[in-house]
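> whatever this is, show me its structure:
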Amino acid sequence: MVKGPEHEDEKWIEGLNQEMKRVDQLFEDAPSPSLEGLHALAVHTLERKRKRMKYELLLFLLVALFIVGGGLMAALAAPMILLFIHGFGMVAGISVLVFSKSLRSAGKKGIR
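Residues are numbered from 1 along each chain as shown. The predicted structure follows:
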């Protein structure tokens, strides 16, 4: 007489083998793309990438043009306010460098 657990293991392994064979049969029928199809896909992908890069460059240039144009219009409309903002920024930067201990000692890491 065959023992229960070993017989169940054999049934399980046999069922697993049948399922694996069924999966193998399913994937054997799947057509693989031809070389021409892969080449056409690669060409199409490169063309889409090239068009997207051109679009992004055009968008970047337009945004940069609007930003620079806005800055120039502000400089022409109120030059004293623009000079005040630049001067205040320079003074603030210099004061941060002078009064910040960690920034002043950043170059002296090796010296104790």
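
> any regions of this structure where pLDDT drops low?
1-5, 29-30, 103-104, 106-112 (pLDDT under 70).

> mind running it again at 90?
Counting by pLDDT under 90, the chain has low-confidence residues at 1-12, 21-35, 70-83, 85-86, 96-112.

> from Ser102, how far out is Val96?
According to CB to CB, to the nearest Å, Val96 stands 11 Å off from Ser102. Where C-beta positions appear, they are placed from N, C-alpha and C, glycine not excepted.

> between those two, tell me which one has more neighbours.
Legend: neighbour count by other CB atoms under 10 Å for Val96 and Ser102, higher for Val96 (10 against 6).

> where along the protein do the helices fall?
With helices called from DSSP state H, the chain shows them at 4-28, 35-77, 79-99, 101-104.

> next one: the first one to chain centre, how far?
Read it as helix 4-28. 43 Å (CA atoms, centre = their mean, to the nearest Å).

> mind listing what's buried in that helix?
Neighbour-count burial for helix 4-28 flags no residue at all (criterion: 16 or more other CB atoms under 10 Å).

> who does that helix touch, helix- and strand-wise?
Taking 3 or more CB pairs under 8 Å, 6 or more residues apart in numbering; DSSP states H and E as contact, there are no helices or strands that helix 4-28 lies on.

> same question for the longest one.
Packed against helix 35-77, as judged by 3+ CB pairs under 8 Å, 6+ apart, are the following elements: helix 79-99.

> tilt between the helix it packs on and helix 35-77?
Helix 79-99 and helix 35-77 are oriented at 110 degrees to each other (axes from the mean of the first three to the mean of the last three CA atoms, to 10 degrees).

> restrict helix 79-99 to CA atoms and write it as PDB.
Written as PDB, here are the backbone C-alpha positions of helix 79-99 (Å, rounded to 0.1, in the frame of the first residue of the first chain):
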ATOM      1  CA  PRO A  79      15.300 101.100 -13.800                       C
ATOM      2  CA  MET A  80      15.700 102.500 -10.300                       C
ATOM      3  CA  ILE A  81      13.600  99.700  -8.700                       C
ATOM      4  CA  LEU A  82      15.600  97.100 -10.600                       C
ATOM      5  CA  LEU A  83      19.000  98.600  -9.500                       C
ATOM      6  CA  PHE A  84      17.700  98.700  -5.900                       C
ATOM      7  CA  ILE A  85      16.800  95.000  -6.100                       C
ATOM      8  CA  HIS A  86      20.200  94.100  -7.500                       C
ATOM      9  CA  GLY A  87      22.000  96.200  -4.900                       C
ATOM     10  CA  PHE A  88      20.000  94.700  -2.100                       C
ATOM     11  CA  GLY A  89      20.800  91.200  -3.300                       C
ATOM     12  CA  MET A  90      24.500  91.900  -3.400                       C
ATOM     13  CA  VAL A  91      24.500  93.400   0.100                       C
ATOM     14  CA  ALA A  92      22.500  90.500   1.400                       C
ATOM     15  CA  GLY A  93      24.900  88.000  -0.100                       C
ATOM     16  CA  ILE A  94      28.000  89.700   1.200                       C
ATOM     17  CA  SER A  95      26.500  90.000   4.700                       C
ATOM     18  CA  VAL A  96      25.600  86.300   4.800                       C
ATOM     19  CA  LEU A  97      29.200  85.400   3.800                       C
ATOM     20  CA  VAL A  98      30.700  87.800   6.400                       C
ATOM     21  CA  PHE A  99      28.400  86.800   9.300                       C
END
